[in-house]
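1. Provided below for reference: sequence and predicted model.
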Amino acid sequence: MQNPTVRPTPKFTLTSPASASPIDAEGFIYTVQPAELWLRVFRHLLNPDGYAVVSYYERYGGFFELALKAIHAAGKAITGLPALEAAKFLFDAKWNSIPHTRSFESWLMDVLENPFVRYRYFIDAAALCHDADTTGFDVHAAWPSYRDTLDVYWHKKILSGDEKLRRTVQHLHRSRLSFLGGQKLYLAGDAETVDLISSSLEQLVRDVDALIDDPLGNSLTAVISNLASLRETIQASDIIADDVTAVEAFTDTLTSLFQIFSAIARQDAGGLAALTQSNPAFINTWGLPAHFLVLRKRFDVSQEVS
């Protein structure tokens, strides 16, 4: 995705204190952890067949925002600049590359200095779908799509709830790279390769998050190594994309991050700023941090009769 996500104003709307349909919880609900807490509240408040609309930070879609925070933290540590000056030193060109409706200072607070933009608050889409199913919800709709739109079967066939969930989770597992890159990069290879890439993405997200607290710490070497390894793995993998240039563009982005974190390891402030202010692959990539999900409360006959 070429434009950063526009985050809605935080809100939590209920039509009545006893029951509701719908519930609209956007812009903050992901900060309440674990997600089962608010899912149970939704279940209690919603009418049968009622809907809940939520937005949240997806774990892999939020990778680039974590990377920006880690780079910003390193920039502050290396240059000694305060937060705003360090952000402009590093990200002026990136910010000015897109049309925006908020100020640079607002973006600094919304993302780079926001304590809730962290791995521990990010939610894996597949895990959220599993938790929703356990709590008594069906996934009605999502952006990006959580249903495999390439799935084909007889129109009169009725899939069980467990089978629907299995297919959704499998699809989301193969979509992690798409979420991270903010474009169609669907993992179409065998299950072993998909698991390898997924594990690599999980570790990369964790290690980059660790750099936010310790930008020159032990995780830096792991991040650099994992970026190089992931780039090679993706180049050799079966990926469904709009065209071959999409995969090439994403590997260029991984290369840019490899170079940026390598400059951080050298504590080369000038080299770091030269990369962040001029590398087109870095400047044009924002990921897909915010996901939108519509849940429908399943009708429970036994509960309603009682």
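-> Noted; the coordinates are in hand.
2. how many other residues sit next to Ser145?
-> 12 (other Cβ atoms under 10 Å). The way it works is simple: take the backbone N, C-alpha and C, and place the C-beta from them, glycine included.
3. next one: phi and psi at it?
-> Dihedral angles phi and psi of Ser145 (degrees, to the nearest 10) take the values phi -70, psi 130.
4. over to Leu187?
-> For Leu187, the backbone dihedrals are phi -80, psi 110 (criterion: degrees, to the nearest 10).
5. low-confidence regions, the stretch 1-150 of the chain specifically.
-> The model of the stretch 1-150 of the chain has pLDDT under 70 over residues 1-20.
6. all helices for it, in order.
-> Applying DSSP state H, counting those that start in this stretch to the stretch 1-150 of the chain gives helices spanning 36-45, 63-79, 83-96, 104-107, 125-135.
7. quick one: contacts of the shortest one?
-> Taking contacts as Cβ atoms under 8 Å, 6 or more residues apart in numbering, the residues outside helix 104-107 that touch it are Pro4, Leu84, Ala87, Lys88, Trp95, His100.
8. recalculate using a threshold of 6 Å.
-> By Cβ atoms under 6 Å, 6 or more residues apart in numbering, the residues outside helix 104-107 that reach it are Trp95.
9. which parts of that helix are buried?
-> By neighbour count on 16 or more other Cβ atoms under 10 Å, the buried set for helix 104-107 is Trp107.
10. Val194 sits in which helix or strand?
-> helix 191-213 (DSSP states H and E).
11. hmm, back to that, rebuild the helices of the stretch 1-150 of the chain as TSV, extending it with distance to Thr193.
-> TSV is the format used below for these (distance: least, Cβ to Cβ, whole Å):
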stretch	distance to Thr193
helix 36-45	32
helix 63-79	20
helix 83-96	32
helix 104-107	36
helix 125-135	18
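12. ranking those by burial, who's on top?
-> The highest mean neighbour count among the helices of the stretch 1-150 of the chain, using mean count of other Cβ atoms under 10 Å, belongs to helix 63-79: a mean of 23.
13. how far away is Ala125 from Leu288?
-> Relative to Leu288, Ala125 is positioned 11 Å away (Cβ to Cβ, to the nearest Å).
14. rewinding a little: so which of the helices of the stretch 1-150 of the chain comes closest to Ile234?
-> When the helices of the stretch 1-150 of the chain are compared for distance to Ile234 using Cβ to Cβ, the nearest one is helix 63-79, at 14.0 Å.
15. so who does the most centrally placed residue in the chain touch?
-> In the chain, the centroid-proximal residue (Cα atoms, centre = their mean) is Gly61; its distance is 2.0 Å. With contact set as Cβ under 6 Å, 6+ apart, Gly61 has these partners: Phe179, Gly287, Leu288, Pro289.
16. right, and the first one touches Arg59 too?
-> No - under the criterion of Cβ atoms under 6 Å, Phe179 lies out of contact with Arg59, with a separation of 8.2 Å.
17. what's the neighbour count on Asp124?
-> Neighbour count for Asp124, taken as other Cβ under 10 Å: 20.
18. equivalent analysis for Leu112, please.
-> Other residues near Leu112 come to 23 when the count uses other Cβ under 10 Å.
19. contact partners of stretch 137-146?
-> With Cβ under 6 Å, 6+ apart as the test, stretch 137-146 has contacts from Cys129, Thr168, Phe292, Leu293, Val294, Leu295, Arg296, Lys297, Arg298.
20. Ile224: which of the helices of the stretch 1-150 of the chain is closest?
-> It is, among these and with distance given as Cβ to Cβ, helix 63-79, at 12.0 Å.
21. what packs against the closest one?
-> helix 83-96, helix 191-213 (3 or more Cβ pairs under 6 Å, 6 or more residues apart in numbering; DSSP states H and E).
22. switch to 7 Å and redo it
-> Judged by 3 or more Cβ pairs under 7 Å, 6 or more residues apart in numbering; DSSP states H and E, the packing partners of helix 63-79 are helix 83-96, helix 191-213, helix 244-265, helix 269-276.
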